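**Q** build me a structure from this.
(2 chains)
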Amino acid sequence: EAQVTQNPRYLITVTGKKLTVTCSQNMNHEYMSWYRQDPGLGLRQIYYSMNVEVTDKGDVPEGYKVSRKEKRNFPLILESPSPNQTSLYFCASASTGVYSPLHFGNGTRLTVT
Amino acid sequence: QKEVEQNSGPLSVPEGAIASLNCTYSDRGSQSFFWYRQYSGKSPELIMSIYSNGDKEDGRFTAQLNKASQYVSLLIRDSQPSDSATYLCAVANFNKFYFGSGTKLNVKP
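**A** Got it, this is the predicted structure:
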(Lines give C-alpha, C1' and ligand atoms only; values in the text may rest on other atoms or scores of the structure.)
Protein backbone atom coordinates (compact mmCIF):
# COMPACT_ATOMS: atom_id res chain seq x y z
CA GLU A 1 0.00 0.00 0.00
CA ALA A 2 1.30 3.44 -0.98
CA GLN A 3 1.68 5.50 2.15
CA VAL A 4 3.53 8.03 4.24
CA THR A 5 4.34 6.68 7.69
CA GLN A 6 5.04 8.90 10.66
CA ASN A 7 6.11 7.85 14.13
CA PRO A 8 5.21 8.29 16.87
CA ARG A 9 1.53 9.23 16.67
CA TYR A 10 1.57 10.85 20.10
CA LEU A 11 4.51 12.28 22.01
CA ILE A 12 4.70 14.07 25.34
CA THR A 13 8.05 15.49 26.33
CA VAL A 14 9.64 18.16 28.49
CA THR A 15 11.28 21.41 27.51
CA GLY A 16 14.80 20.97 26.19
CA LYS A 17 14.78 17.21 25.64
CA LYS A 18 15.83 16.45 22.08
CA LEU A 19 13.39 14.43 20.00
CA THR A 20 13.02 13.07 16.49
CA VAL A 21 9.83 12.39 14.57
CA THR A 22 10.38 9.93 11.76
CA CYS A 23 8.76 10.02 8.32
CA SER A 24 9.04 7.45 5.57
CA GLN A 25 7.33 7.11 2.19
CA ASN A 26 7.21 4.10 -0.12
CA MET A 27 6.12 5.87 -3.32
CA ASN A 28 9.58 6.90 -4.56
CA HIS A 29 8.53 10.54 -4.27
CA GLU A 30 11.16 13.20 -4.79
CA TYR A 31 9.49 15.91 -2.70
CA MET A 32 8.95 15.64 1.05
CA SER A 33 7.93 18.24 3.59
CA TRP A 34 6.88 18.87 7.18
CA TYR A 35 3.93 20.95 8.41
CA ARG A 36 2.53 22.00 11.72
CA GLN A 37 -1.16 22.60 12.23
CA ASP A 38 -2.43 24.95 14.90
CA PRO A 39 -6.02 26.11 15.54
CA GLY A 40 -6.86 29.17 13.48
CA LEU A 41 -3.49 29.13 11.70
CA GLY A 42 -3.95 26.21 9.39
CA LEU A 43 -1.11 24.14 8.02
CA ARG A 44 2.25 25.89 7.90
CA GLN A 45 5.29 24.51 6.14
CA ILE A 46 8.37 23.95 8.32
CA TYR A 47 10.92 22.47 5.90
CA TYR A 48 10.85 20.79 2.54
CA SER A 49 13.19 18.67 0.46
CA MET A 50 13.31 18.46 -3.32
CA ASN A 51 15.56 15.37 -3.28
CA VAL A 52 18.31 13.59 -1.36
CA GLU A 53 20.62 16.04 0.39
CA VAL A 54 18.51 19.01 -0.82
CA THR A 55 16.51 20.73 1.91
CA ASP A 56 15.18 24.24 2.38
CA LYS A 57 13.25 26.31 4.88
CA GLY A 58 9.51 26.73 4.80
CA ASP A 59 7.63 29.48 6.57
CA VAL A 60 8.24 28.44 10.19
CA PRO A 61 11.66 26.70 10.38
CA GLU A 62 12.88 28.18 13.69
CA GLY A 63 13.60 25.47 16.28
CA TYR A 64 13.52 22.59 13.79
CA LYS A 65 16.07 20.62 11.80
CA VAL A 66 15.68 18.09 9.02
CA SER A 67 17.87 15.79 6.99
CA ARG A 68 17.36 13.81 3.77
CA LYS A 69 20.05 11.16 3.55
CA GLU A 70 17.81 8.66 1.78
CA LYS A 71 15.00 9.33 -0.68
CA ARG A 72 12.36 7.59 1.41
CA ASN A 73 13.13 9.15 4.84
CA PHE A 74 12.76 12.70 6.08
CA PRO A 75 13.03 12.97 9.88
CA LEU A 76 12.11 16.11 11.82
CA ILE A 77 14.42 16.97 14.71
CA LEU A 78 13.65 19.27 17.63
CA GLU A 79 16.95 19.73 19.40
CA SER A 80 15.58 21.78 22.31
CA PRO A 81 11.79 21.65 22.26
CA SER A 82 9.80 24.47 23.83
CA PRO A 83 6.11 24.67 24.78
CA ASN A 84 5.33 26.82 21.73
CA GLN A 85 6.20 23.80 19.58
CA THR A 86 3.22 21.93 20.99
CA SER A 87 1.24 21.19 17.84
CA LEU A 88 -0.03 18.59 15.39
CA TYR A 89 2.68 17.72 12.87
CA PHE A 90 2.25 16.22 9.42
CA CYS A 91 4.79 14.82 7.04
CA ALA A 92 3.84 14.79 3.37
CA SER A 93 5.35 13.75 0.07
CA ALA A 94 4.70 14.57 -3.57
CA SER A 95 5.89 12.92 -6.73
CA THR A 96 7.50 15.90 -8.43
CA GLY A 97 7.16 18.89 -6.16
CA VAL A 98 4.54 21.57 -6.56
CA TYR A 99 3.09 20.16 -9.80
CA SER A 100 1.77 17.11 -7.98
CA PRO A 101 -0.44 16.80 -4.90
CA LEU A 102 0.81 16.13 -1.40
CA HIS A 103 0.15 12.79 0.29
CA PHE A 104 0.02 13.11 4.06
CA GLY A 105 1.07 10.88 6.91
CA ASN A 106 -1.28 10.25 9.83
CA GLY A 107 0.18 13.00 11.96
CA THR A 108 2.10 13.30 15.23
CA ARG A 109 0.54 15.12 18.15
CA LEU A 110 3.37 16.63 20.16
CA THR A 111 3.00 18.13 23.62
CA VAL A 112 5.95 19.93 25.21
CA THR A 113 5.58 20.70 28.92
CA GLN B 1 -1.73 39.43 4.20
CA LYS B 2 -2.06 35.67 4.25
CA GLU B 3 -1.11 33.76 1.13
CA VAL B 4 -4.37 31.82 1.04
CA GLU B 5 -7.67 33.01 2.48
CA GLN B 6 -10.77 30.98 3.22
CA ASN B 7 -13.96 31.73 5.10
CA SER B 8 -13.70 29.69 8.28
CA GLY B 9 -17.44 28.96 8.37
CA PRO B 10 -19.15 26.95 9.50
CA LEU B 11 -21.08 26.55 6.27
CA SER B 12 -24.30 24.66 6.86
CA VAL B 13 -26.23 23.06 4.01
CA PRO B 14 -29.08 20.54 3.99
CA GLU B 15 -28.49 17.04 2.69
CA GLY B 16 -28.78 16.91 -1.09
CA ALA B 17 -27.92 20.58 -1.59
CA ILE B 18 -24.91 22.10 -3.33
CA ALA B 19 -22.12 23.30 -1.07
CA SER B 20 -19.93 26.08 -2.44
CA LEU B 21 -16.51 26.69 -0.93
CA ASN B 22 -14.26 29.57 -1.93
CA CYS B 23 -10.61 30.44 -1.63
CA THR B 24 -8.50 33.42 -2.71
CA TYR B 25 -4.74 33.62 -2.99
CA SER B 26 -2.28 36.48 -3.14
CA ASP B 27 0.56 35.34 -5.41
CA ARG B 28 -0.24 35.70 -9.11
CA GLY B 29 2.63 33.34 -9.93
CA SER B 30 0.99 30.41 -8.18
CA GLN B 31 1.17 27.28 -10.27
CA SER B 32 -0.92 24.53 -8.73
CA PHE B 33 -4.12 24.43 -6.72
CA PHE B 34 -5.58 21.72 -4.53
CA TRP B 35 -8.58 20.99 -2.35
CA TYR B 36 -8.22 18.70 0.65
CA ARG B 37 -10.79 17.36 3.08
CA GLN B 38 -9.84 16.90 6.71
CA TYR B 39 -11.92 15.15 9.33
CA SER B 40 -11.31 16.12 12.93
CA GLY B 41 -8.06 14.61 14.22
CA LYS B 42 -7.21 13.06 10.86
CA SER B 43 -4.81 13.91 8.08
CA PRO B 44 -5.84 15.88 4.99
CA GLU B 45 -7.09 13.83 2.05
CA LEU B 46 -6.83 15.06 -1.52
CA ILE B 47 -10.13 15.80 -3.28
CA MET B 48 -9.06 17.65 -6.41
CA SER B 49 -6.05 19.12 -8.17
CA ILE B 50 -6.43 21.89 -10.74
CA TYR B 51 -3.69 23.56 -12.72
CA SER B 52 -5.34 25.64 -15.46
CA ASN B 53 -8.23 28.07 -15.69
CA GLY B 54 -11.71 26.64 -15.92
CA ASP B 55 -13.67 23.83 -14.36
CA LYS B 56 -12.62 20.30 -13.47
CA GLU B 57 -15.20 17.73 -12.46
CA ASP B 58 -14.73 14.49 -10.54
CA GLY B 59 -17.91 12.76 -9.45
CA ARG B 60 -19.87 15.07 -7.16
CA PHE B 61 -16.99 17.54 -6.95
CA THR B 62 -16.19 20.43 -9.29
CA ALA B 63 -13.17 22.66 -8.86
CA GLN B 64 -13.08 26.04 -10.56
CA LEU B 65 -9.96 28.13 -11.09
CA ASN B 66 -9.81 31.78 -12.15
CA LYS B 67 -6.21 32.97 -12.20
CA ALA B 68 -7.10 36.51 -13.29
CA SER B 69 -9.26 36.95 -10.20
CA GLN B 70 -6.98 34.76 -8.05
CA TYR B 71 -9.67 32.52 -6.71
CA VAL B 72 -10.38 28.83 -6.54
CA SER B 73 -13.70 27.28 -5.64
CA LEU B 74 -15.06 23.84 -4.88
CA LEU B 75 -18.64 22.79 -5.50
CA ILE B 76 -20.02 19.68 -3.84
CA ARG B 77 -23.24 18.45 -5.42
CA ASP B 78 -25.76 16.27 -3.62
CA SER B 79 -24.05 16.94 -0.29
CA GLN B 80 -24.09 14.06 2.18
CA PRO B 81 -23.68 14.07 5.98
CA SER B 82 -20.40 12.21 5.41
CA ASP B 83 -19.13 15.34 3.61
CA SER B 84 -19.16 17.19 6.93
CA ALA B 85 -15.51 18.09 7.47
CA THR B 86 -13.06 20.95 7.13
CA TYR B 87 -12.02 21.74 3.56
CA LEU B 88 -8.54 23.07 2.98
CA CYS B 89 -7.48 25.07 -0.05
CA ALA B 90 -3.80 24.74 -0.97
CA VAL B 91 -1.78 26.79 -3.42
CA ALA B 92 1.72 25.91 -4.59
CA ASN B 93 4.53 27.93 -6.11
CA PHE B 94 8.33 28.00 -6.01
CA ASN B 95 8.61 24.62 -4.26
CA LYS B 96 6.29 25.62 -1.42
CA PHE B 97 2.72 24.75 -0.54
CA TYR B 98 0.49 27.27 1.22
CA PHE B 99 -2.72 26.30 2.96
CA GLY B 100 -5.76 28.26 3.97
CA SER B 101 -7.12 27.85 7.49
CA GLY B 102 -10.01 25.79 6.14
CA THR B 103 -13.78 26.07 5.87
CA LYS B 104 -15.85 23.86 8.13
CA LEU B 105 -18.80 22.31 6.30
CA ASN B 106 -21.83 20.87 8.12
CA VAL B 107 -24.29 18.86 6.06
CA LYS B 108 -27.54 18.45 7.97
CA PRO B 109 -29.62 15.28 7.40
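**Q** contacting residues for the closest residue to residue A:97 other than its chain neighbours?
**A** When the adjacent residues along the chain are set aside, residue A:97 lies closest to residue A:31, with 4.5 Å between them (Cβ to Cβ, 6 or more residues apart in numbering or on different chains). C-beta here means a position set from N, CA and C on the backbone, and glycine is covered the same way. When the contact criterion is Cβ atoms under 8 Å, 6 or more residues apart in numbering or on different chains, the partners of residue A:31 are A:48-51, A:93-98, A:100, B:95.
**Q** got phi/psi on residue B:83?
**A** Dihedral angles phi and psi of residue B:83 (degrees, to the nearest 10) take the values phi -80, psi -10.
**Q** quick one, what contacts it?
**A** With Cβ under 8 Å, 6+ apart, residue B:83 has these contacts: B:19, B:37, B:76, B:105, B:107.
**Q** parallel or antiparallel, which strands does the top strand by length along chain B pair with?
**A** Across chain B, the strand with the greatest residue count (assigned by DSSP state E) is strand B:85-93. Strand pairing for strand B:85-93, determined by DSSP bridges: strand B:32-38 (antiparallel), strand B:96-99 (antiparallel), strand B:103-108 (antiparallel).
**Q** report the rounded mean pLDDT for stretch A:83-94.
**A** The average pLDDT within stretch A:83-94 is 97.
**Q** can you name the residues in contact with it?
**A** A:4, A:6, A:15, A:21, A:23, A:25, A:27, A:29-38, A:43, A:46, A:63, A:74, A:76, A:78, A:100-105, A:107-113, B:43-44.
**Q** of those, keep whichever come out buried.
**A** A:4, A:6, A:21, A:23, A:25, A:29-37, A:43, A:46, A:74, A:76, A:78, A:100-105, A:107-108, A:110, A:112, B:43-44 (16 or more other Cβ atoms under 10 Å in any protein chain shown).
**Q** in helices, which of these fall?
**A** If you go by DSSP state H, the buried ones among the contacts of stretch A:83-94 have nothing in helices.
**Q** among these, which lie within strands?
**A** Assigned to strands by DSSP E, the following of those qualify: A:4, A:6, A:21, A:23, A:25, A:31-37, A:43, A:46, A:76, A:78, A:103-104, A:108, A:110, A:112.
**Q** ok so, going back, could you dump the strands paired with strand B:85-93 to JSON lines with mean neighbour count?
**A** Shown next, in JSON lines, are those (neighbours: other Cβ atoms under 10 Å in any protein chain shown):
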{"stretch": "strand B:32-38", "mean neighbour count": "22"}
{"stretch": "strand B:96-99", "mean neighbour count": "23"}
{"stretch": "strand B:103-108", "mean neighbour count": "18"}
